[in-house]
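Trainee: would you be able to build a 3D model of this:
(one chain, ligands or ions: 1)
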Amino acid sequence: MRSEPATIRDVREGGKRALARALSTIETDSARAEAIALLDAAAREPRGHVLGLTGPPGVGKSTLTDALIRLWRDGGETVGVVAVDPSSQITQGALLGDRTRLKTDPDDHGVFVRSMAARDRLGGLSDDALGAVVLMRAIFDHVIVESVGIGQSESDIATIADTTVLCIQPGSGDALQFMKAGVMELPDIVAVTKADMQEAARRAAADVEGALTLTRPGTGWSAPVILVSATTGAGVDRLLGAVADHADWLGGAGRLAARRAAQTGAWIVQAVRSRYGTEGLKAVVADLPSTSADAPFSAAECWCRKALRRLAAGAGGA
Ligand code: GDP
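Mentor: Okay, here's the model as predicted:
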């Protein structure tokens, strides 16, 4: 009997159990040939749209994820969630376990939630979390990547998300400061959460609008600012409308293909850096391809091996 699914089709047809098994394979030994082959196949067969949800702790990301899952499931669309949990760096495990805050029906095969450890305490995406998103993207209509943090983790999310939504809470100036200072990768959409806090939410939205006009680059897409209340449901449909608009915009003029191809180049950089640090990256960076759309996970392995060889050669020669 085969102990793990060999193809994307097996995972698609095998339901939650097959997906859970495939994710365990990735997590336990991502360098194993089968895991890499599966991830490369998944990268070549994207099916769904990836929504990155980011923002500080307590802003309302889980509540919003819950609301989005319900809306999509009501419409018959399938959803995978990867919740990146920075606190598990400390406990060496996904502290939130099955994300008890996200209440999904265990018998519903159209929704799958996985909580994963962050790469660091800033909430950066680990190689395993990246693999999980790529795998889920080949299976579900929608994938949500939920990640805590402001600053570094946003650019991590941008290496996998098709559409990045930054969540900002009324009355908190953090994200605004980062945006104005240019520290943060600009989101595709800004959601001002807890819009039921009315006046404070409106003020926050106006502040964000102001910050965006200061920094908006000439990409042809203007990030909309949407007021949402996940608890009352107000504005969630408008947020979904903005996500759909952004997906349509990406779909035009080959933007989505270009964005995804560029992301594969970033995965290789990330893989080399996470395994061999800045020194390892320096050893190969000049030769790295800017895209690797065909087999990005094999390519990452190959560049990791090269980095190791060059580091060893450098140490030997010193
Ligand atoms: P996360 O840490 O970003 O995932 O935030 P949570 O989704 O766990 O929410 C943090 C707190 O904010 C919880 O107590 C939620 O009940 C509350 N919350 C979330 N969404 C809303 C909202 O739309 N309105 C209000 N008033 N509270 C909210």
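
Trainee: please enumerate the strands of the stretch 201-318 of the chain.
Mentor: 225-227 (DSSP state E, counting those that start in this stretch).

Trainee: just for it, where's the confidence low?
Mentor: Residue ranges of the stretch 201-318 of the chain with pLDDT under 70: 214-218, 316-318.

Trainee: close to the ligand: what parts of it are there?
Mentor: 229-231 (C-beta under 6 Å from any ligand atom). For glycine as for every other residue, the C-beta is placed from the backbone atoms N, C-alpha and C.

Trainee: show me what the mean pLDDT comes to for the host helix or strand of Asp66.
Mentor: Per DSSP states H and E: Asp66 is located in helix 61-74. Helix 61-74 shows a mean pLDDT of 94.

Trainee: output that helix as PDB, nothing but the C-alphas.
Mentor: The C-alpha coordinates for helix 61-74 follow below in PDB (Å, rounded to 0.1, in the frame of the first residue of the first chain):
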ATOM      1  CA  LYS A  61      -8.400  38.400  10.800                       C
ATOM      2  CA  SER A  62      -9.800  35.100  12.100                       C
ATOM      3  CA  THR A  63     -13.300  36.600  12.500                       C
ATOM      4  CA  LEU A  64     -13.100  37.800   8.900                       C
ATOM      5  CA  THR A  65     -11.700  34.500   7.600                       C
ATOM      6  CA  ASP A  66     -14.600  32.800   9.300                       C
ATOM      7  CA  ALA A  67     -17.100  35.200   7.500                       C
ATOM      8  CA  LEU A  68     -15.400  34.700   4.200                       C
ATOM      9  CA  ILE A  69     -15.500  30.900   4.500                       C
ATOM     10  CA  ARG A  70     -19.200  31.000   5.300                       C
ATOM     11  CA  LEU A  71     -20.000  33.200   2.300                       C
ATOM     12  CA  TRP A  72     -17.900  31.100  -0.100                       C
ATOM     13  CA  ARG A  73     -19.300  27.800   1.200                       C
ATOM     14  CA  ASP A  74     -22.800  29.200   0.900                       C
END
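
Trainee: can you pull out the helices in the stretch 101-250 of the chain?
Mentor: 127-137, 152-157, 174-181, 198-215, 236-251 (DSSP state H, counting those that start in this stretch).

Trainee: and those helices, which is most packed in?
Mentor: helix 127-137 (a mean of 26; mean count of other C-beta atoms under 10 Å).

Trainee: just how off-centre is it within its chain?
Mentor: Distance of helix 127-137 from the chain centroid (C-alpha atoms, centre = their mean, to the nearest Å) equals 8 Å.

Trainee: what sits against Gly15?
Mentor: Residues in contact with Gly15 (C-beta atoms under 8 Å, 6 or more residues apart in numbering) are His109.

Trainee: please redo it, this time with the cut-off set to 10 Å
Mentor: 109, 112 (C-beta atoms under 10 Å, 6 or more residues apart in numbering).

Trainee: can you check Pro296 too?
Mentor: 36, 39-40, 43-44, 130, 134, 260-261, 263-268, 271, 289.

Trainee: mind checking how far the helix holding Asp66 is from the chain centre?
Mentor: Mean-position distance between helix 61-74 and its chain equals 16 Å (C-alpha atoms, centre = their mean).

Trainee: so which bits of it are buried?
Mentor: Neighbour-count burial for helix 61-74, counted by 16 or more other C-beta atoms under 10 Å, picks out 61-73.

Trainee: what's the answer for stretch 304-311, then?
Mentor: 304, 306-308, 310-311.

Trainee: what is the nearest of the residues you listed to the ligand?
Mentor: Distance ranking of those against the ligand, using C-beta to the nearest ligand atom, places Cys304 first at 32.9 Å.

Trainee: pretty sure Arg203 contacts Gln169?
Mentor: No: Arg203 is not in contact with Gln169 according to C-beta atoms under 10 Å; the separation is 11.8 Å.

Trainee: can you list residues touching both of the two?
Mentor: Taking C-beta under 10 Å, 6+ apart as the contact rule, Arg203 and Gln169 both touch 192, 197.

Trainee: re earlier: which ones among the buried residues of stretch 304-311 map onto helices?
Mentor: Counting by DSSP state H, the buried residues of stretch 304-311 place 304, 306-308, 310-311 in helices.

Trainee: what lies in contact with stretch 305-316?
Mentor: Residues outside stretch 305-316 that contact it (C-beta under 10 Å, 6+ apart) are 31, 271-273, 275-277, 279-285, 287-288.

Trainee: roughly how far does Arg305 sit from Ala312?
Mentor: With distances taken as C-beta to C-beta, to the nearest Å, Arg305 is found 11 Å from Ala312.

Trainee: and for Trp267?
Mentor: 24 Å.

Trainee: for these two, indicate the residue with more neighbours.
Mentor: The residue with more neighbours, out of Trp267 and Ala312, is Trp267; 23 against 11, by other C-beta atoms under 10 Å.

Trainee: roughly how far apart are the residue nearest to that one when sequence neighbours are not counted and Glu77?
Mentor: In space, and not counting its chain neighbours, Trp267 is closest to Pro296: 5.3 Å by C-beta to C-beta, 6 or more residues apart in numbering. Here Pro296 is placed at a distance of 26 Å from Glu77 (C-beta to C-beta).
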